[in-house]
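**Student:** model this:
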Amino acid sequence: MESKLAIVISDFYEKISNNLLDGAKRKYNDYYDNNSFDDNVDTFNVPGAFEICGTVKRILDSHLQYDAIIAYGCIIKGETAHFDFISKTVATGIKDLSIDKKTTIPILFGVLTTFDYEQALERSNLNNLDKGGEVMSSALNTIETYKKILK
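**Tutor:** Numbers count the residues shown, from 1 in each chain. So this is what the prediction gives:
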């Protein structure tokens, strides 16, 4: 039976986000050897990386049932300290939600933190590093690990 997932994805860098989502879709469909991504994965778009954690929290608090939640987005270093604050805040927020004693499903961090746009493109590209697919693969494997633990 296919896993039910939620993806929270930042739209700030649309091309990067689309690449991450494409990689996730391909990996999910390959894993189950079918085309069931659209039927089993709900996508929640947010304007920027900062909004990811609040949305993940709302999903956890809702009546919606998922086997895992994946956070996707991209934060690119600029000329100010903004990158450092947002990167740390989002990473810590996802970590805190993931290890909260009330959380019973995996929450995965697929937010790219890069020095420039070209680096983000390389990491998100399906034919290169495919970080979207990599994080989806980690999610599917971690779901199986959680099932073993929670038996």
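**Student:** those strands in the protein, which residues are they?
**Tutor:** Using DSSP state E, the strands of the chain run over residues 5-10, 41-46, 68-76, 107-114.
**Student:** chain center to the longest one, what's the gap?
**Tutor:** Looking back up the chat, that one is strand 68-76. Strand 68-76 has its C-alpha centroid displaced from the chain centroid by 4 Å (Cα atoms, centre = their mean, to the nearest Å).
**Student:** Give the rounded mean pLDDT of it.
**Tutor:** What strand 68-76 shows for mean pLDDT is 98.
**Student:** can you pull the pLDDT of the residue nearest to residue 109 when sequence neighbours are not counted?
**Tutor:** Distances taken as Cβ to Cβ, 6 or more residues apart in numbering place residue 94 nearest to residue 109, at 4.8 Å, with adjacent residues excluded. For the C-beta atoms, the positions are set from N, CA and C on the backbone; glycine is no exception. Note for residue 94: predicted pLDDT of 98.
**Student:** Could you do the one 10 residues further on as well?
**Tutor:** Reading off the per-residue confidence, residue 104 sits at a pLDDT of 93.
**Student:** related to what we said a few turns ago, now the strands of the chain as TSV including mean neighbour count and distance to residue 87?
**Tutor:** Formatted as TSV, those follow (neighbours: other Cβ atoms under 10 Å; distance: least, Cβ to Cβ, whole Å):
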stretch	mean neighbour count	distance to residue 87
strand 5-10	25	12
strand 41-46	17	16
strand 68-76	25	5
strand 107-114	23	5
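**Student:** Reformat these into TSV and put distance to residue 144 next to each item.
**Tutor:** Below are the strands of the chain laid out as TSV (distance: least, Cβ to Cβ, whole Å):
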stretch	distance to residue 144
strand 5-10	13
strand 41-46	17
strand 68-76	10
strand 107-114	14
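**Student:** Neighbours of the residue nearest to residue 109, how many?
**Tutor:** Using other Cβ atoms under 10 Å, residue 94 is surrounded by 22 other residues.
**Student:** Would you map the helices across this protein?
**Tutor:** For the chain, the helices defined by DSSP state H occupy 14-32, 37-40, 52-61, 82-99, 117-124, 131-149.
**Student:** Reformat these as TSV; add distance to residue 3.
**Tutor:** Supplementary listing: the helices of the chain in TSV, determined by distance: least, Cβ to Cβ, whole Å:
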stretch	distance to residue 3
helix 14-32	8
helix 37-40	7
helix 52-61	15
helix 82-99	17
helix 117-124	22
helix 131-149	5
